[in-house]
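In: My questions are about this predicted structure, shown below with the sequence.
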Protein chains: 2
Amino acid sequence: MAKNPDLLPGTLDMLILRTLARAPLHGYGIAQSIKRISDDVLTVEEGSLYPALQRLLLQGWVKAEWKKTDTNRRARFYTLTAAGRKQLGLEVSQFQQMMAAIGRVLADAEETG
Amino acid sequence: MAKNPDLLPGTLDMLILRTLARAPLHGYGIAQSIKRISDDVLTVEEGSLYPALQRLLLQGWVKAEWKKTDTNRRARFYTLTAAGRKQLGLEVSQFQQMMAAIGRVLADAEETG
DNA sequence: ACCCTATGCATAGATTGTCTATGGTTGTGC
DNA sequence: GCACAACCATAGACAATCTATGCATAGGGT
C-alpha cells in the first residue's frame, strides 16, 4: 500500500453506503461528507469514488437520478435501496468483527481462549 | 473485494510485524499465530504471506535466517529489526487514526467540529 | 465581458495487495 | 512404505485504489 493511503482498502463501499443512509447525496457531496466527518483523515479520490458508485449501482444497493443541486447544478443523486441498507448492516458487522480480531493481534497480552 | 476476505487489505504487513515483535518466528508459524490469536477470524494464505515477507525483507524491517524448528525441521526464521519496530509503531498509529475516522463516519450522530 | 474557482461527472491506465493454484521437500506415526 | 502435517515459494488472476486526464457550468470578482 502507499505510505499515505487515503483510505483503508475494502472500506470504501461501506463508507459510501453509510453516508447515503443519512440522506441521498450526489458523488461530490459524498466525498465531501466523508472527508468532513472524518476530520480530513479519509479522502475519497474521484478515481475511486465513481467506480465504487458503479459497483453499488450494479449490485442494486443504490439507485441514481439526475437532479438540481441547491447550488443550481445538475448532479446525480444516489439513494440507498432496501437491499443496500441490508448490505450496509452486513458489511458493518463483518468489519467490526475484523477490527476486533485485529485488535486482539495488536494487543500486548496474548491470551489464548 | 471478495465476499469473505481473509483479512483487511493493507493490514497484513502490520500484523506480521506485530507478531514478530512477540518473538522471532518462521512463516508457517506466523500464519498460525495470527489465525489462532484472532480466533480464526483472520487467515493468512501462503500466497499472501510469502510475498509480504519478501516486502518486509526488502525494506529491511525484518531479517531472516535458516534454523531448525523444535519439530526438527528446516525453516526460515524472521526477526524484527530496529527499523521494523519503528515501522510497526508508525503503522499502528496510522491504522488507529483511520479506525477512529471510520468510526466517526459509521457513527449514528453526525457531529461537526 | 472575462477569468477564476468551486462544483460536478466520468474514464483509462498504472500500481498494489490479496487469492487461487501449483509444485516441491522432509519428518513422524501408522 | 504411505499418508499427512509441517514447511518453502512462485506465477497468474483478480480486485481495489490512485494518478492523470478530460469535460462542463454556475457564480463571483474585476
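Out: Sure, I can see it. Residues are numbered from 1 along each chain as shown, chains lettered A, B, ... in the order given.

In: What distance do you get for A:Met14 to B:Gln32?
Out: Counting by CB to CB, to the nearest Å, the separation of A:Met14 from B:Gln32 is 29 Å. From N, CA and C alone the C-beta is placed, and that goes for glycine too.

In: What are the boundaries of the helices in chain A?
Out: Assigned by DSSP state H, the helices in chain A fall at A:12-22, A:27-37, A:46-59, A:82-106.

In: Make TSV from these and add distance to chain B, mean neighbour count and mean pLDDT to it.
Out: Shown next, in TSV, are those (distance: least, CB to the nearest CB, whole Å; neighbours: other CB atoms under 10 Å in any protein chain shown; pLDDT from 0 to 100):
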stretch	distance to chain B	mean neighbour count	mean pLDDT
helix A:12-22	5	22	98
helix A:27-37	5	19	97
helix A:46-59	10	14	97
helix A:82-106	4	16	97
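
In: Reformat those helices as JSON lines; add distance to DNA strand C.
Out: As requested, the helices of chain A are exported to JSON lines (distance: least, CB to the nearest atom of the strand, whole Å):
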{"stretch": "helix A:12-22", "distance to DNA strand C": "12"}
{"stretch": "helix A:27-37", "distance to DNA strand C": "3"}
{"stretch": "helix A:46-59", "distance to DNA strand C": "4"}
{"stretch": "helix A:82-106", "distance to DNA strand C": "11"}
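
In: residues in contact with the spatially most central residue of chain A?
Out: In chain A, the residue lying closest to the centroid (CA atoms, centre = their mean) is A:Leu15, at 1.7 Å. By CB atoms under 8 Å, 6 or more residues apart in numbering or on different chains, A:Leu15 lies in contact with A:Leu7, A:Ile34, A:Leu42, A:Val44, B:Ile102, B:Val105, B:Leu106.

In: didn't A:Leu56 look like it was pressed against A:Asp13?
Out: Yes: between A:Leu56 and A:Asp13 there is a contact under CB atoms under 8 Å: 6.4 Å.

In: picking up where we left off before, grab the two from the contacts of A:Leu15 that are most spread out in space.
Out: A:Val44 and B:Leu106 (15.0 Å; CB to CB).

In: Show me what residue of chain A gets nearest to DNA strand D.
Out: At 1.7 Å from DNA strand D, A:Gly47 is the closest residue in chain A, using CB to the nearest atom of the strand.

In: Count the neighbours of the residue nearest to A:Arg76 when sequence neighbours are not counted for me.
Out: Leaving out its chain neighbours, the residue that sits closest to A:Arg76 by CB to CB, 6 or more residues apart in numbering or on different chains is A:Ala64, at 5.1 Å. By the criterion of other CB atoms under 10 Å in any protein chain shown, A:Ala64 has 16 neighbours.

In: Quick check: the gap between A:Ala64 and A:Leu80.
Out: A:Ala64 is 11 Å from A:Leu80, where distance means CB to CB.

In: cool, and A:Ser38?
Out: 19 Å.

In: So for these two, which residue has more residues nearby?
Out: A:Leu80 (24 against 21).
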